[in-house]
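> fold the stuff below for me.
(one chain, ligands or ions: 2)
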Amino acid sequence: MQIALSVKNLTKKFGDFTAVNNISFEVEDGKFFSILGPSGCGKTTLLRMIAGFHKPTSGIIEIREKNVLEVEPNKRPVNLVFQNLALFPMMNVFENIAFGLRRRGEKGPEVDKKVNVMLERVGLPGYGKKQINQLSGGQKQRIAIARALVLDPTVLLLDEPLGALDAKLREHMKVELKKLQVEVGTTFVYITHDQSEAMVMSDYVAVMNSGHFEQLDTPQNLYSNPASSFVAQFVGNNNKFIVGLKKDESGNFYATTPEGGQFLLSEPFDLQDQGTFEMYVRPEAMIINPSQGNKAINELNADVKAILFDGGNSRLLVVPENSKQELIVALPQNHQFDYIKAKDKIRVGWYPESAVCFKKSEEKIYEEL
Ligand SMILES: Nc1ncnc2c1ncn2[C@@H]1O[C@H](COP(=O)(O)OP(=O)(O)O)[C@@H](O)[C@H]1O
Ligand SMILES: [Mg+2]
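Ligands and ions are numbered 1, 2, ... in the order given. Now for the predicted structure:
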């Protein structure tokens, strides 16, 4: 498989501040690659270096194995879809899409044909004569993408293109974008702070934090095998327990909580590494009122604080006995637990292999978005 984009040891400093810190990755041709991270972590800076709008402090960028560092932005085989779309309001839809082709010197029926094919592709055939201000948010989105795709870039760079849309339309557009990418087969490098966008659309996702990549993996692996506390918190929902580690005479490992809870862990941990750890259990890994007598399951008693009804994504908010910490427990969709009400006392359990544990990081890694 050919490598469309290769980034090696890329760093960008603004004065003393390092916005992108020694990042390396490769994207194979035809893949949907996302860079996911909180606001301010350096995503746009990274993308602008690839597009040629920022000069790296150090490192190499190659597109189809050709070093592009000395190549002007408009000569690079990439196009960037901006966060604010940047459509030309004075031109109609057709002229917006044709703009880049004309600038390259293309004329006549060839331009018409390419623009019309693109309008078909993005599901807006016959929209050429419309003015930009006659379009809905989602339609503007498609035109911005059509305008970039018509130039047939080796890599299409997208900087949070769904950011301005409302939640419902964003849900719709992420499915549309994924379908479009599969259809055209262009390599997409997509940046977002929205983990659900990255997870739904991507073949691979790099999780970015303070200028570096925490983990580069498939969405499935990011979810089930997070490599760090940051990834465990940023990707999907998770219940976090602050714990210590302990080993018994039989060699079993336990996570211990300040409230006196003791939970079996499936993996051995290095007890040389003393101190505070963070243990994570996914809401859907939590089992409500597990059958008694199963030694291999961890259990705690909890009070139900609230039922968070949300159709197929309904959950319980519970607080373990002697604790203030809230936990989220996914409700199975089979109505089995419809009898549970707020203020009920229940038991919740999880299998040791459902938990992951990391050394507590001193760094303040993630603020609520
Ligand atoms: N031109 C610049 N000069 C100085 N600092 C910048 C510049 N551009 C971005 N930064 C800083 O670099 C960091 C990363 O910014 P950015 O790449 O825009 O993050 P993101 O796109 O992930 O939100 C931020 O702290 C931002 O303030
Ligand atoms: Mg940005």
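> all the helices of the stretch 151-300 of the chain, residue numbers only.
For the stretch 151-300 of the chain, the helices defined by DSSP state H, counting those that start in this stretch cover 167-184, 195-201, 219-224, 229-234.
> just say which of these is most tucked in.
Neighbour counts (mean count of other Cβ atoms under 10 Å) averaged over each of the helices of the stretch 151-300 of the chain peak at helix 229-234, with a mean of 23. Where C-beta positions appear, they are placed from N, C-alpha and C, glycine not excepted.
> tell me the helices and strands packed up against that one.
The contact analysis (3 or more Cβ pairs under 8 Å, 6 or more residues apart in numbering; DSSP states H and E) places helix 229-234 against strand 204-209, strand 212-217, strand 277-281, strand 355-359.
> next, the angle strand 277-281 makes with the last one.
Between strand 355-359 and strand 277-281, the angle formed by their directions is 160 degrees, by axes from the mean of the first three to the mean of the last three Cα atoms, to 10 degrees.
> doesn't Ala98 belong to a helix?
Yes. Counting by DSSP: H, G, I helix; E, B strand; the rest coil, Ala98 is located in a helix.
> who's in contact with it?
Going by Cβ atoms under 8 Å, 6 or more residues apart in numbering, Ala98 touches 111, 114-115, 150.
> okay, these in a markdown table with pLDDT next?
Putting the contacts of Ala98 into a markdown table (pLDDT from 0 to 100) gives the following:
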| residue | pLDDT |
| --- | --- |
| Val111 | 95 |
| Lys114 | 95 |
| Val115 | 96 |
| Val150 | 94 |
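> now flag whichever of those residues is closest to ligand 1.
Val150 (25.8 Å; Cβ to the nearest ligand atom).
> ok, back up a step: among the contacts of Ala98, which lie within helices?
The members of those that map onto helices under DSSP state H are 111, 114-115.
> which one (most neighbours) among those?
The most crowded member of those, judged by other Cβ atoms under 10 Å, is Val115 (22 neighbours).
> how close does the nearest residue to that residue once chain neighbours are set aside get to ligand 1?
Nearest non-adjacent residue to Val115, counting by Cβ to Cβ, 6 or more residues apart in numbering: Ile97, 4.7 Å away. Distance, Ile97 to ligand 1, by Cβ to the nearest ligand atom, to the nearest Å: 26 Å.
> what does Ile132 give?
Per Cβ to the nearest ligand atom, Ile132 is found 25 Å from ligand 1.
> any chance you could map the helices in the stretch 1-150 of the chain?
With helices called from DSSP H, counting those that start in this stretch, the stretch 1-150 of the chain shows them at 43-51, 93-103, 108-121, 137-149.
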